[in-house]
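**Student:** Okay, predicted coordinates and the sequence, questions at the end:
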Amino acid sequence: MKCGEFPAKARNKISIQARTDVLDDYGGSTVTWAEVYNSWAVIEPMGGREAFLSQQLQSRITHSMTIRYLAALKDTATAAKYRVLFDGRIFSVKFIKNIDSSMKMEGKVFQVLTCEENDAEN
């Protein structure tokens, strides 16, 4: 996909959320999710698998979500603290790749979020 094709292909509205732990009055913590960005994205399913976890059969579906570059997500080492909401579904972000307009080199034009749906941590 080239830079000029993005507006025509980005038909899905997503919400990117960051995880925060809120301390309560008793010393415990509660996980909350706060929206940091919402954007149009190109979403492509990449694959799926089934795994037997915690004595249950669970499916995992991997997606690639291409968005315009967002400086808040530039530190790809912290990708795991984000999740994506799309159409009532929750995707955990596994890694983020910063790319240029040719979609081949490291850059600051687009970001590709590799996400997994049905992740037990969400």
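**Tutor:** Sure, I can see it. Numbers count the residues shown, from 1 in each chain.
**Student:** mind listing the strands for the protein?
**Tutor:** According to DSSP state E, the chain carries its strands in the segments 12-23, 29-53, 56-68, 82-86, 89-99, 110-117.
**Student:** Distance to Glu5 added to the ones you listed, as TSV?
**Tutor:** (C-beta placed from N, C-alpha, C; glycine too.) Below are the strands of the chain laid out as TSV (distance: least, CB to CB, whole Å):
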stretch	distance to Glu5
strand 12-23	15
strand 29-53	9
strand 56-68	10
strand 82-86	20
strand 89-99	14
strand 110-117	11
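**Student:** which stretches of the protein have low pLDDT?
**Tutor:** Counting by pLDDT under 70, the chain contains low-confidence residues at 1-3, 48-59, 119-122.
**Student:** swap the cut-off to 50 and go again
**Tutor:** 120 (pLDDT under 50).
**Student:** Closest to the centroid, which residue in it?
**Tutor:** Val93 (3.8 Å; CA atoms, centre = their mean).
**Student:** any idea what sits nearest that residue, other than its immediate chain neighbours?
**Tutor:** Tyr82 (4.3 Å; CB to CB, 6 or more residues apart in numbering).
**Student:** residues touching that neighbour, list them.
**Tutor:** By CB atoms under 8 Å, 6 or more residues apart in numbering, Tyr82 lies in contact with 16-19, 36, 73, 93, 113.
**Student:** out of the residues you listed, who's nearest Met103?
**Tutor:** Leu113 (14.0 Å; CB to CB).
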